[in-house]
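Participant: Provided below are the primary sequence and the corresponding predicted coordinates.
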Amino acid sequence: MVPLSLFLAVVCALSIWTIAAGCGAKQDLVDGRCCDLCPPGTYMESFCSAQQLVCSPCKEGYFSDKYHLFDRCQECRSCQQDYAEKCTPTSNAKCLCRSGFLCSNNICSKCEENKCVTGEKLNRTDTTLGVGLIKYSYTCEPPPSCPDNTYFYVKENVCKTHREGIDLIHLLLGIGFVFLSLTLLVFLSYACIKSLRKRKAYNNPTEVLAVSTNASDFHLSKEESGLELIVQDESKNNISLGFLHL
């Protein structure tokens, strides 16, 4: 026969399971009651009892990113170098390492120097530490030795033949660029000089005009012409009288 104490324990467990199964998706069983969970960005200030559960906002520097019944928020992550995203009441901070450094784990809480040099391949090894934390370890693999007359291309990670024609093309392009630059410089210099001459002529419009001294360029009036004829006639008469006296 089943003891009475065992029977009562089974009944109690079944009743608790039934009540818990009847709680909503955002509820949990507290002291035999289905209580609402605190939303992200808040924490539980008082337990669910005769009154409804009281939730308060997380303080600065703390966060909660899911529905819960915890009496405190989680502390925000502190980054060693840079922040990819700042901490908010509903999300933790995301860290970032500066150029030349590598994250030591999946949350990038610490940074370590990248010791690989140009041409070496960076290899990463992941080690699970539990609680969602994964540690990163790095090794540097040297570049492969290429055969003679070949060159190792770092971006493509392959050995290729180094073609001299590429250097010739670069040389021709450089000469063409220099010639084009000189042509443009000469054109701009000519345009500037021409503009300065026009501006100087505009600012000094007075010009010295050449005056002709040729007598044929002067025109006399009628009175001046007649007087000239009379003077010429008198001169002729005086000359004639002089000859007569002789």
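Facilitator: Cool, the structure landed. Because the structure is predicted, anything quoted here is derived from the model rather than measured.
Participant: Chain neighbours aside, what residue packs nearest to residue 103?
Facilitator: Leaving aside its sequence neighbours, residue 103 sits nearest to residue 97 (Cβ to Cβ, 6 or more residues apart in numbering; 5.5 Å). Yep, even glycine has a C-beta here, placed from its N, CA and C like the rest.
Participant: for residue 93, same thing?
Facilitator: residue 87 (3.9 Å).
Participant: quick one, what contacts that neighbour?
Facilitator: 61, 63, 76, 77, 93 (Cβ atoms under 8 Å, 6 or more residues apart in numbering).
Participant: what do you get for residue 141?
Facilitator: Here residue 141 is in contact with 120, 121, 122, 123 (criterion: Cβ under 8 Å, 6+ apart).
Participant: pLDDT weak spots in this structure?
Facilitator: 1-22, 49-52, 147-158, 160-168, 204-246 (pLDDT under 70).
Participant: Show me where it has its strands.
Facilitator: For the chain, the strands defined by DSSP state E cover 27-30, 33-36, 42-46, 54-57, 62-63, 74-75, 82-85, 94-96, 101-103, 111-113, 121-130, 133-141, 150-153, 158-161.
Participant: Now the contacts of residue 141 in CSV, please, with extra columns for distance to residue 108.
Facilitator: What follows is the contacts of residue 141, written out as CSV (distance: Cβ to Cβ, whole Å):
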residue, distance to residue 108
120, 22
121, 22
122, 16
123, 18
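Participant: can you give me the helices for this structure?
Facilitator: 4-21, 164-203, 222-245 (DSSP state H).
Participant: if we can go back for a sec, just the buried residues of the contacts of residue 87.
Facilitator: 63, 76, 93 (16 or more other Cβ atoms under 10 Å).
Participant: now the last one: how far from residue 169?
Facilitator: Distance check for residue 93 against residue 169: by Cβ to Cβ, to the nearest Å, it reads 50 Å.
Participant: same deal with the second one?
Facilitator: Residue 76 sits 55 Å away from residue 169, taking Cβ to Cβ as the criterion.
Participant: can you pull the contacts of the closest residue to residue 64 other than its chain neighbours?
Facilitator: Using Cβ to Cβ, 6+ apart and skipping residues adjacent in sequence, the residue nearest residue 64 is residue 73, 4.7 Å away. By Cβ under 8 Å, 6+ apart, residue 73 lies in contact with 42, 43, 58, 59, 62, 63, 64, 89.
Participant: try it again with 6 Å
Facilitator: 43, 58, 62, 63, 64 (Cβ atoms under 6 Å, 6 or more residues apart in numbering).
Participant: before we move on, the earlier item: which residues touch the residue nearest to residue 103?
Facilitator: 81, 103, 111.
Participant: Neighbours of residue 58, how many?
Facilitator: Look at residue 58: counted by other Cβ atoms under 10 Å, it has 21 neighbours.
Participant: That one against residue 91, yeah?
Facilitator: No. Contact criterion Cβ atoms under 6 Å: residue 58 and residue 91 do not qualify, at 10.9 Å.
Participant: Any buried residues in stretch 90-103, and which?
Facilitator: In stretch 90-103, counting by 16+ other Cβ under 10 Å, buried: 92, 93, 95, 96, 97, 101, 102, 103.
Participant: Hmm, the first one is touching residue 77, no?
Facilitator: Yes. Taking Cβ under 6 Å as the contact criterion, residue 92 and residue 77 are neighbours in contact, 5.2 Å apart.
Participant: measure residue 26 to residue 200 for me?
Facilitator: 86 Å.
Participant: Please apply the same query to residue 125.
Facilitator: On the measure of Cβ to Cβ, residue 125 and residue 200 end up 77 Å apart.
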